[in-house]
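> Okay, here's the prediction I keep looking at, along with the sequence it came from:
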Amino acid sequence: MDWRKWQFPLVSLILCVAAYGLVIRGLGFYWDDWMIPTVIKNGMSFWTFYQYNRPLSAWTFELLAPILGLNPFGWHLANLIMRWVTGITAWWMLSTLWPNQRRAIEWTRRWAGKISES
């Protein structure tokens, strides 16, 4: 197995877990997370609830709500995994489109990471 091929995904997973994963157990629902238990307890549809301010994110709530229920740990873990998969997908797409532009791809990844932190 070629280590260089898996270096970025593995290092980014380690960094993602170090940045977010170590505190997941102590996190609960915060700010707009409280809409999740409200929608679930009232038997509402996420499609209806988020149709005006988050229409594209309703599908994740619809898919995950039956599995995760009211467990904050599960929601935070799912978000951690989705963040990592999104970053890996962006890296893979850029690497595939421009295989000779490693510096530009690395700069873009760092820049995107700074934006997602704010």
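Here it is on my side, so go on. Numbers count the residues shown, from 1 in each chain.
> now the longest helix seen in the chain: mean pLDDT?
With secondary structure taken from DSSP state H, the chain has its longest helix at helix 72-97. The predicted model assigns helix 72-97 a mean pLDDT of 86.
> Got phi/psi on Leu70?
Taking degrees, to the nearest 10, you get phi -100, psi 30 for the backbone angles of Leu70.
> The nearest residue to it once chain neighbours are set aside sits in which helix or strand?
Sequence neighbours aside, Pro37 is the residue nearest to Leu70 in space, at 5.3 Å (criterion: CB to CB, 6 or more residues apart in numbering). Every residue, glycine included, has its C-beta placed from N, CA and C. Using DSSP states H and E, Pro37 falls within helix 35-41.
> buried set for the helix or strand just after that helix?
Using DSSP H and E, the helix or strand that follows helix 35-41 in sequence is helix 46-49. Neighbour-count burial for helix 46-49, counted by 16 or more other CB atoms under 10 Å, picks out 46, 49.
> From the contact counts, what lies against helix 46-49?
With contacts taken as 3 or more CB pairs under 8 Å, 6 or more residues apart in numbering; DSSP states H and E, helix 46-49 sits against helix 35-41, helix 58-68.
> now it, how far from the chain's geometric center?
20 Å (CA atoms, centre = their mean, to the nearest Å).
> The closest residue to Ala65 other than its chain neighbours - how many residues pack around it?
Using CB to CB, 6+ apart and skipping the chain neighbours, the partner closest in space to Ala65 is Ile40 (5.8 Å). For Ile40, the count of nearby residues is 16 (other CB atoms under 10 Å).
> about what we covered before: by mean pLDDT, show me the worst of the helices and strands packed on helix 46-49.
For the helices and strands packed on helix 46-49, where the average pLDDT is lowest is helix 35-41, sitting at a mean of 81.
> which other helices and strands contact that one?
Taking 3+ CB pairs under 8 Å, 6+ apart as the contact cut, helix 35-41 packs with helix 46-49, helix 58-68.
> Skipping its backbone neighbours, what lies nearest the residue nearest to the spatial centre of the chain in space?
Geometric centre of the chain, nearest residue: Arg83, 2.5 Å, by CA atoms, centre = their mean. Closest residue to Arg83 apart from its sequence neighbours, by CB to CB, 6+ apart: Cys16 at 6.3 Å.
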